[in-house]
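Asker: Take a look and give me a structure for this.
(2 chains)
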Amino acid sequence: MIKLLWQELRFRRNGIIGWGIALCFFPVVYVGLYPSFADQMASFQSILDLPIYQAMGISMNSFESYMASTVTNLVPVILCIYAVMNGTGTLAGEEDDGLLELIVTLPIHRWQIVAVKAVALGLALLGILAIVAGGAALTLQTILSQIETLVTPMDVFWGLLTAWPLLMAVGMISLFLGTFSPNRRIAAMLATVVVVVSYLGSNLSGMITSLENMRVFFLFHYYKATAEALEAGQSTGDMLVLLMIALASFGLALLFFQRRNITVGAWPWQRAVISR
Amino acid sequence: MSDYAIETKGLSVYYGRHRGILDLDLQIKKGEIFGFLGPNGAGKTTTERVLMDIIRPTTGTAHIFGQDCQKEGVAIREHVGYLPGELSLYKNMKASQFFEMYYSLQKNNTDPGYWKELAARLELDTHRKIREFSRGNKQKVGIVAAFMNKPDLLILDEPTSGLDPLVQQTVMELVREANQSGATVFFSSHILPEVQAVCDRVGIIREGQLVATERVEDLTTQHFKRIRFTFANTPPTDAFAQDGVIETSREAGSITLEISGRLDEVMAQTASFGITDIETIPVSLEEIFLAYYGKGNGEKHD
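Answerer: Okay, the predicted model is just below:
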């Protein structure tokens, strides 16, 4: 299993470095340039009070809010794209490409294949987050003398790293959908719907009273991209909920992959209809 | 311990409402080279995928070396080399990296350098990236991967597909050598002369059902006889119009008959026209195969 995990990480190495460096531009540009337009931030706020921005969870009435909106809010949202692409690509994508046919014919249990790919995905997400978190912390450290804030580089580092449970939940849901759906395209489509509905739903449910009761169903409800969360950290309970969702999705992925007819590309209910 | 390398009983696979294979009973003895023949969509690949536990049967059982392909798949696959028909490889890896990775993921590893020997015999440049390879070279990668662990059973889906004739010959040599070392070989192919050249037995699958399993010699000698008779008196055109006899040609007193019924009855019938010469014409496996599919001379003999 270790050998297979090592291979999986090797396959993802370039992706981890590429995504990590590319996403570093967010904190480097948004945080690094903050001192140059800090005085003008107050005038932006009237625009950002528009419902569309509120729905996206964006606020800039302080440096901490600005930091939360541009870094701890957007980076995980963008990384959800990686989680969906990789989560659906790792089993469903390899099945579509025909690569899985060689792997499943090795003397390895199917559960081991799913477990290794899930661990590799988790480590890849953690690796990317660590690169971005490191970049964000370093950038803040660079401008710290030019701004007034209680947020420390370490707060930013942990603030980003604690997005990992959310990304794991998205990654594992994507992995499960890949084992459930006939092909990667459908799995990716379903996973994207889950992410978009969760993101907008979580923000809208905070704004619309009638949706308040539904907020528990949205993944992003359990990840707070706010100034308060940046300073105080994410709630342990919320992180546990996300990790439980990830674990449950992983369990479903195991179950459905164990029963899956590889190379056939069918829904689970299509696998054995006898019509003699 | 089972005498059979492969044994299936009542094996059926349905894809939704579509038939993959139907009630397949197959027994392949240890040490055999077994050719699996059938046109596209007949169920060859489905059978191989069930044996490798890639897909699960709707009904029936499949065993390799007496072990259930579903329940004991991992233990079975330690002893099996598999070449898929639709081979896909990691394009960004060099062939050598792929072989090292693939070898490291196997169990019962005995000869870490054997893949190099195989690659050299197939004249495969293992330092190049797989994405740079032609279809034939990719097929060579698949062949090396299947043989590299010196498995007890080789399941090969059209192993010579996409290869030039010289390499095809090398692959058939590898098959023979593996067999001489004790390996059982189960392979499907569309190239019937190569099946005829190396196989002990063949199975013919049609629309998901096994329609014949015979030794190659038996199939080519006993399935039907093709005999050219030269007569003193030319028989009328309908002289042999009966079940089990097909007149395939008639020219200047010579008539060629394909006989799958009672030979003695036909001989007695032909004798009445004064036979001056008899010649038995060999029947190739290809003709038998086509006859099973009703494409040889317009009729099938079974």
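Asker: contacts and neighbour counts: CA atoms only from here.
Answerer: Will do.
Asker: leaving aside the residues next to it on the chain, what's closest to the residue of chain B most remote from its centre?
Answerer: The centre of chain B is farthest from one residue, B:Asn233, which by C-alpha atoms, centre = their mean lies 43.7 Å away. What sits nearest to B:Asn233 in space, not counting adjacent residues and going by C-alpha to C-alpha, 6 or more residues apart in numbering or on different chains, is B:Phe273, at 5.4 Å.
Asker: Local confidence estimate at that neighbour?
Answerer: Listed pLDDT for B:Phe273 reads 87.
Asker: what about it, how many residues close to it?
Answerer: 16 (other C-alpha atoms under 10 Å in any protein chain shown).
Asker: ok, it - contacts?
Answerer: B:Phe231, B:Ala232, B:Asn233, B:Thr234, B:Pro235 (C-alpha atoms under 8 Å, 6 or more residues apart in numbering or on different chains).
Asker: Filter those down to the buried ones.
Answerer: With burial judged by 16 or more other C-alpha atoms under 10 Å in any protein chain shown, the buried subset of the contacts of B:Phe273 is B:Phe231, B:Thr234, B:Pro235.
Asker: Could I get the residues you listed in JSON lines, plus columns for pLDDT?
Answerer: Formatted as JSON lines, the buried ones among the contacts of B:Phe273 follow (pLDDT from 0 to 100):
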{"residue": "B:Phe231", "pLDDT": "89"}
{"residue": "B:Thr234", "pLDDT": "86"}
{"residue": "B:Pro235", "pLDDT": "88"}
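Asker: sorry, back to before: hang on, the residue nearest to B:Asn233 in a helix?
Answerer: No - checked against DSSP: H, G, I helix; E, B strand; the rest coil, B:Phe273 lies outside a helix; its state is coil.
Asker: Tell me the one of the contacts of B:Phe273 nearest chain A?
Answerer: For these, the closest approach to chain A (C-alpha to the nearest C-alpha) belongs to B:Pro235, at 47.6 Å.
Asker: Now tabulate the contacts of B:Phe273 in JSON lines and tack on distance to A:Val132.
Answerer: Putting those into JSON lines (distance: C-alpha to C-alpha, whole Å) gives the following:
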{"residue": "B:Phe231", "distance to A:Val132": "93"}
{"residue": "B:Ala232", "distance to A:Val132": "96"}
{"residue": "B:Asn233", "distance to A:Val132": "96"}
{"residue": "B:Thr234", "distance to A:Val132": "93"}
{"residue": "B:Pro235", "distance to A:Val132": "92"}
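Asker: Quick check: the two most widely separated of those?
Answerer: B:Ala232 and B:Pro235 (9.1 Å; C-alpha to C-alpha).
Asker: Enumerate the residues of chain A near chain B.
Answerer: A:3-4, A:7, A:97-99, A:101-102, A:104-109, A:259-264, A:270-275 (C-alpha under 8 Å from any C-alpha of the partner chain).
Asker: Out of these, name the ones that lie in helices.
Answerer: A:Lys3, A:Leu4, A:Gln7, A:Asp97, A:Glu101, A:Leu102, A:Arg259 (DSSP state H).
Asker: Separate out the buried members of the residues you listed.
Answerer: A:Leu4, A:Gln7, A:Asp97, A:Glu101, A:Leu102, A:Arg259.
Asker: What distance do you get for the fourth one to A:Leu204?
Answerer: What that stands for is A:Glu101. Between A:Glu101 and A:Leu204 the distance is 44 Å, computed by C-alpha to C-alpha, to the nearest Å.
Asker: got it, and the third one?
Answerer: Spatial separation of A:Asp97 from A:Leu204 under the definition C-alpha to C-alpha is 39 Å.
Asker: From A:Ala229, how far off is A:Glu65?
Answerer: Actually, residue A:65 is Ser rather than Glu. From A:Ser65 to A:Ala229 the distance is 10 Å (C-alpha to C-alpha).
Asker: ok, these two, which is more surrounded?
Answerer: A:Ser65 (22 against 18).
Asker: Nearest spatial neighbour of that one, chain-adjacent residues omitted?
Answerer: Per C-alpha to C-alpha, 6+ apart, closest to A:Ser65 is A:Ala227, 4.7 Å.
Asker: now do B:Ile143
Answerer: B:Leu83 is the one closest to B:Ile143 (C-alpha to C-alpha, 6+ apart), at 6.4 Å.
Asker: For that neighbour, grab the count of nearby residues.
Answerer: Neighbours of B:Leu83 (other C-alpha under 10 Å): 26.
Asker: Run through the residues that contact it.
Answerer: B:Gly142, B:Ile143, B:Ala145, B:Ala146, B:Ile155, B:Leu156, B:Asp157, B:Pro159.
Asker: Distance to A:Asn14 added to the residues you listed, as a markdown table?
Answerer: Compiled in a markdown table, the contacts of B:Leu83 are given as follows (distance: C-alpha to C-alpha, whole Å):
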| residue | distance to A:Asn14 |
| --- | --- |
| B:Gly142 | 26 |
| B:Ile143 | 29 |
| B:Ala145 | 26 |
| B:Ala146 | 29 |
| B:Ile155 | 35 |
| B:Leu156 | 34 |
| B:Asp157 | 34 |
| B:Pro159 | 34 |
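Asker: Could you pick out which of the residues you listed are located in strands?
Answerer: B:Ile155, B:Leu156, B:Asp157 (DSSP state E).
Asker: mind listing what's buried in whichever strand or helix holds A:Ala248?
Answerer: Using DSSP states H and E, A:Ala248 maps to helix A:236-259. Neighbour counts over helix A:236-259 (16+ other C-alpha under 10 Å) mark A:238-239, A:241-243, A:245-257, A:259 as buried.
Asker: Please export the C-alpha coordinates of that helix as PDB.
Answerer: Coordinates of each C-alpha in helix A:236-259 appear next as PDB, following Å, rounded to 0.1, in the frame of the first residue of the first chain:
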ATOM      1  CA  THR A 236     -13.600  22.300  16.600                       C
ATOM      2  CA  GLY A 237     -17.200  21.000  16.400                       C
ATOM      3  CA  ASP A 238     -17.600  22.400  12.900                       C
ATOM      4  CA  MET A 239     -14.300  20.800  11.800                       C
ATOM      5  CA  LEU A 240     -15.400  17.500  13.300                       C
ATOM      6  CA  VAL A 241     -18.700  17.700  11.400                       C
ATOM      7  CA  LEU A 242     -16.800  18.200   8.100                       C
ATOM      8  CA  LEU A 243     -14.400  15.400   8.900                       C
ATOM      9  CA  MET A 244     -17.400  13.100   9.600                       C
ATOM     10  CA  ILE A 245     -18.900  14.100   6.300                       C
ATOM     11  CA  ALA A 246     -15.600  13.300   4.600                       C
ATOM     12  CA  LEU A 247     -15.400   9.900   6.500                       C
ATOM     13  CA  ALA A 248     -19.000   9.000   5.600                       C
ATOM     14  CA  SER A 249     -18.400   9.900   1.900                       C
ATOM     15  CA  PHE A 250     -15.200   7.800   2.000                       C
ATOM     16  CA  GLY A 251     -17.200   4.900   3.400                       C
ATOM     17  CA  LEU A 252     -19.700   5.200   0.600                       C
ATOM     18  CA  ALA A 253     -16.900   5.400  -2.000                       C
ATOM     19  CA  LEU A 254     -15.500   2.200  -0.500                       C
ATOM     20  CA  LEU A 255     -18.900   0.500  -0.700                       C
ATOM     21  CA  PHE A 256     -19.700   1.500  -4.200                       C
ATOM     22  CA  PHE A 257     -16.200   0.900  -5.600                       C
ATOM     23  CA  GLN A 258     -16.200  -2.600  -4.100                       C
ATOM     24  CA  ARG A 259     -19.400  -3.400  -6.000                       C
END
